[in-house]
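*Asks:* need coordinates for the following:
(one chain, ligands or ions: 1)
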Amino acid sequence: MEAATTNGDYGIIEWFEYVAENAGLVQTETLRRILKENYGVEYLKKWLGEIKNIDEMEASALESLYTTLVPLASHADLEPYIQRIADGDPSPLLTQQPITTLSLSSGTTEGRQKYVPFTRHSSKTTLQIFRLAAAYRSRVYPIREGGRILEFIYSSKQFKTKGGLAAGTATTHYFASEEFKIKQEQTKSFTCSPEEVISSGDYKQSTYCHLLLGLFFSHQVEFIASTFTYSIVQAFRSFEEMWEEICNDIREGTLSPRITIPRIRKVVLDIISPNPCLAMRIEAKCEDLEGLDWFGLVPKLWPNAKYVYSIMTGSMQPYLKKLRHYAGYLPLVSADYGSTESWIGVNLDASFAPEDVTFAVIPTFSYFEFIPLYKQKQNQNQYFSSATDDFIEGDPIPLSQVKVGQQYEIVLTTFTGLYRCRLGDVVEVAAFYKGTPKLNFTCRRKLILTVNIDKNTEKDLQLVVEKGSQILSKKARAELVDFTSHANVANQPGHYVIYWEIKGEVEERVLAECCNEMDVSFVDHGYVVSRKTSAIGPLELCIVERGTFKKILDHFIGNGAAMSQFKTPRCTSNQGLLRILNVCTIKRVHSTAYC
Ligand code: AMP
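*Replies:* You can find the predicted model right below:
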């Protein structure tokens, strides 16, 4: 078997190198194509009026006409149009081609799922970025052609909107598309689980079958993957509890009664057959692994795996420690950057640690603009707290004008009918690859913790929790499983509450230390000043019982979220979630810092 660096791979790399080299020009042509395809739709007509000569206009003139006349929009501005589409209005509102499918963004970051148009272009770009990333990856970590991928991927339920359009998450549409099959053929790597397992609609049953089939084909598995890291960690945590049952199924060629969906039972039983030798080998390895707290589970159980691959940046960073533990010496390769709205950038440097990864913007996917974001001076504006954050915005600029070291919010104009739509992500330009910027993902722009004049983003919270949990691993043999937070303003003064799920025993004294450490680790000036003047009360650390975050996952899945796109909300004011968290709280500690 040969390494998967076939001619096809060289083709796609050459294509990307060309578009990256000419990124500025490619962007203006991308804008021209989007406008040509959708010229005359209701939304554009409202702002652009009649332009007849899109083809003849000089690229920069078209660009400046577009950005002068069409305003920056938030999803809320486009929502009335998307709602009309969902309700069955057949007129060209956002795109000339009728939209037949809508994607649901995960909604786990903002608490509310949004509809986003999905077209064939969406699946095609997904295929393109996956092929491109696979080609770059295989230069560093070649894999055998015809091998398998143990992929923890999940479709959510698809449903029809009032107007009869198919709706579901973008990953769901992609896994059901031709492009998903083509990707397996073109990258010559095949997912262990059949489509029925991916789309079972019950993530617990799918996870069991992914693990079972992954082990059944263990010698063929070339790498382990998922969309977001969360799913891999979640799957291996479940494996620690279910391995004996899985081994039994491998030995007997049977399927656990946990699997109740008839079509999954049939398809999985058709694939597996009794294999006592394999079961015995896996059992022996699992017994060893138990003694090692499952360190190095991946290379031990999948001896031919070359790496672990998934999105490890942004809100996935807190799971990296656990993933490293499971992966042992195997490299972790961080996957690409995109959203339900559009794919954005590809990771060209497979050998980089997830903490150092950047994403090279693919200039044909959408027309990208960048709003420069400048940090306000610490003591400036502290009494004029805005509801968003403490960035001052510059005017949006095109991709060709971005600068290394500067932070930006991304704005998208897509082939699927979004025009100058703010994505809400903050990125920093780390470098250039030829003519296209390589972006560092910084955080979601929206503030998550704010009570008074304090302003903290998800990233700020992440750093604080990291500091607190370091004490946990130093002074107690315990690990942080997951966390979230809440700005409690029910009583005056308001205060932050951080919820932790912990594995292991921790004395109250150590928890108090963690709580104090977190309180003093919020460096935001507004927070520090407010704490010193008692305008914000002491930080509260709530320890929730084991399994609480699984209940939270179930709560979201029950409301239509997809496991593949799930991101634990790092801050919540959702009453359902707070109810779960408060019912499951088994210990509360208040900070004594700033006393
Ligand atoms: P969704 O709403 O489910 O489409 O999720 C899209 C969001 O996930 C993006 O706007 C980012 O905030 C986040 N995201 C996607 N890819 C990455 C990545 N590679 N690194 C960090 N965050 C990401």
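
*Asks:* please make it C-alpha for all contacts and neighbour counts, starting now.
*Replies:* Noted.

*Asks:* please report phi then psi for the spatially most central residue of the chain.
*Replies:* For the chain, the residue nearest the mean C-alpha position is residue 228 (5.1 Å; CA atoms, centre = their mean). Per-residue torsions, residue 228: phi -110, psi 150 (degrees, to the nearest 10).

*Asks:* tell me where the stretch 151-300 of the chain has strands.
*Replies:* 159-160, 166-169, 189-191, 221-228 (DSSP state E, counting those that start in this stretch).

*Asks:* and the shortest one, what does it pack onto?
*Replies:* Under the contact criterion of 3 or more CA pairs under 8 Å, 6 or more residues apart in numbering; DSSP states H and E, the helices and strands touching strand 159-160 comprise strand 166-169.

*Asks:* biggest helix in the protein, by residue count?
*Replies:* Taking DSSP state H as the criterion, the chain has its longest helix at helix 229-252.

*Asks:* following the lengthiest strand in the chain, which helix or strand comes up?
*Replies:* As assigned by DSSP state E, the longest strand anywhere in the chain is strand 421-433. Note on strand 421-433: by DSSP states H and E, the next helix or strand toward the C-terminus is strand 436-444.

*Asks:* tabulate the CA atom coordinates of that following strand in PDB.
*Replies:* This file holds the C-alpha atoms of strand 436-444, laid out as PDB (Å, rounded to 0.1, in the frame of the first residue of the first chain):
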ATOM      1  CA  THR A 436      -3.200  35.000   2.200                       C
ATOM      2  CA  PRO A 437      -3.300  35.600   5.900                       C
ATOM      3  CA  LYS A 438      -2.700  32.900   8.500                       C
ATOM      4  CA  LEU A 439      -5.100  33.400  11.400                       C
ATOM      5  CA  ASN A 440      -4.900  32.600  15.000                       C
ATOM      6  CA  PHE A 441      -8.300  31.900  16.500                       C
ATOM      7  CA  THR A 442      -8.600  34.100  19.600                       C
ATOM      8  CA  CYS A 443     -12.100  33.800  20.900                       C
ATOM      9  CA  ARG A 444     -15.800  34.500  20.300                       C
END
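
*Asks:* let me see the domain layout of the protein.
*Replies:* Per the TED database, the domain ranges recorded for the chain read 142-330, 448-590.

*Asks:* if we can go back for a sec, same question for the longest strand of the chain, mean pLDDT?
*Replies:* If you average the pLDDT over strand 421-433, you get 95.

*Asks:* for stretch 71-86, same thing?
*Replies:* For stretch 71-86, the per-residue pLDDT averages 93.

*Asks:* what lies in contact with that stretch?
*Replies:* Applying CA atoms under 8 Å, 6 or more residues apart in numbering, the external contacts of stretch 71-86 come out as 47, 93-94, 99, 102, 115-117, 161-165, 411, 418-423.

*Asks:* now, those residues that are in helices?
*Replies:* If you go by DSSP H, the contacts of stretch 71-86 have residue 47 in helices.

*Asks:* give me the buried entries from the contacts of stretch 71-86.
*Replies:* Among the contacts of stretch 71-86, those buried by neighbour count (16 or more other CA atoms under 10 Å) are 93-94, 99, 102, 115-117, 161, 165, 411, 418-423.

*Asks:* so which bits of the stretch 351-500 of the chain are right by the ligand?
*Replies:* Applying CA under 6 Å from any ligand atom, we find that the stretch 351-500 of the chain lies next to the ligand at 425, 441, 444.

*Asks:* any idea what the second one is bridged to?
*Replies:* Meaning residue 441. Note on residue 441: beta-bridge partners residue 427, judged by DSSP bridges.

*Asks:* contacts only, for it.
*Replies:* Here residue 441 is in contact with 313, 314, 358, 425, 426, 427, 428 (CA under 8 Å, 6+ apart).

*Asks:* for those residues, which entry has the maximal number of neighbours?
*Replies:* Greatest neighbour count in the contacts of residue 441, by other CA atoms under 10 Å, goes to residue 358: 28 neighbours.

*Asks:* burial measure for residue 40, as a count.
*Replies:* 21.

*Asks:* and it, what element?
*Replies:* Counting by DSSP H and E, no helix or strand carries residue 40.

*Asks:* now for it: which residues touch it?
*Replies:* 50, 96.

*Asks:* all further residue positions should be reported with the first residue as 290.
*Replies:* All set: I'll call the first residue 290, so the last point we hit is now residue 329.

*Asks:* pLDDT score for it?
*Replies:* Reading off the model, residue 329 has pLDDT 90.

*Asks:* show the backbone phi and psi for residue 646.
*Replies:* With angles defined as degrees, to the nearest 10, residue 646 sits at phi -80, psi 140.

*Asks:* that one and residue 638 touch, don't they?
*Replies:* Yes: look at residue 646 against residue 638 with CA atoms under 8 Å: they come within range, at 7.2 Å.

*Asks:* so the two - more neighbours on which side?
*Replies:* Neighbour count, other CA under 10 Å: between residue 646 and residue 638, residue 646 has more, with 24 against 19.

*Asks:* how much space between residue 519 and residue 856?
*Replies:* Distance of residue 519 to residue 856, computed by CA to CA, to the nearest Å: 7 Å.

*Asks:* hang on, I meant residue 878
*Replies:* Residue 878 is 26 Å from residue 856, by CA to CA.

*Asks:* and the strands in the stretch 290-439 of the chain?
*Replies:* Counting by DSSP E, counting those that start in this stretch, the strands of the stretch 290-439 of the chain are 390-393, 404-407, 436-441.

*Asks:* any chance of these in a markdown table with distance to the ligand as columns?
*Replies:* Shown next, in a markdown table, are the strands of the stretch 290-439 of the chain (distance: least, CA to the nearest ligand atom, whole Å):
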| stretch | distance to the ligand |
| --- | --- |
| strand 390-393 | 8 |
| strand 404-407 | 9 |
| strand 436-441 | 16 |
